[in-house]
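Trainee: here's a sequence, model it:
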Amino acid sequence: MDSRREFGPVVASEQLTIQSHAGLRQQVTIKVGLPYHDGDTTWRCPCELEGFEPSYPDMCGRGSLQALCLAVTLIRRRLEDLISDGWKVFGSSGEEESALSLRPRFGGVGVSDTTS
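Mentor: Modelled structure (predicted):
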């Protein structure tokens, strides 16, 4: 059971700007937290797009590495979903991101198709 009440220590973060279909821009912060032990074999890792959506449930894994990778994958996939829905995502230096350009930013974590 996820019993976390606060986000806890942040191990990685980055500022992005997202732009809706209507052209409205807002700054968001990608946040990935420190994985924590929650039970005998369960680890959890918090992640969020702060300033855009409410916090996601903590990603659950059989170890800290799996939980961390799942958290990073969730954030990358959520941004890819926004792009595929017509939103625009801009990196911290103002460059527009595509679904493919997000992959190296996230180190390819969670990408199963390496040919595209």
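
Trainee: show me the residue at the heart of the chain, geometrically.
Mentor: Among the residues of the chain, the one closest to the centroid is residue 75, at 2.0 Å (C-alpha atoms, centre = their mean).

Trainee: helix/strand/coil for that residue?
Mentor: Secondary structure for residue 75, judged by DSSP: H, G, I helix; E, B strand; the rest coil, is helix.

Trainee: now do the one 4 residues further on
Mentor: Using three-state DSSP as the criterion, the local structure at residue 79 reads helix.

Trainee: ok, it - contacts?
Mentor: Neighbour list for residue 79: 16, 49, 89, 97, 102 [criterion: C-beta atoms under 8 Å, 6 or more residues apart in numbering]. Where C-beta positions appear, they are placed from N, C-alpha and C, glycine not excepted.

Trainee: how much space separates the residue nearest to the centre of the chain from residue 93?
Mentor: When C-beta to C-beta, to the nearest Å is applied, the distance between residue 75 and residue 93 equals 19 Å.

Trainee: and what of residue 102?
Mentor: Using C-beta to C-beta, residue 102 is found at 15 Å from residue 93.

Trainee: give me the phi and psi angles of residue 102.
Mentor: Dihedral angles phi and psi of residue 102 (degrees, to the nearest 10) take the values phi -70, psi -30.

Trainee: now stretch 12-19 - C-alpha only, CSV.
Mentor: C-alpha atoms of stretch 12-19 as CSV (Å, rounded to 0.1, in the frame of the first residue of the first chain):
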residue,chain,number,x,y,z
ALA,A,12,16.1,14.4,-10.7
SER,A,13,14.2,17.4,-12.1
GLU,A,14,14.0,19.5,-15.2
GLN,A,15,11.9,22.5,-16.3
LEU,A,16,9.8,22.3,-19.5
THR,A,17,7.2,24.4,-21.1
ILE,A,18,4.1,22.9,-22.5
GLN,A,19,1.7,24.5,-24.9
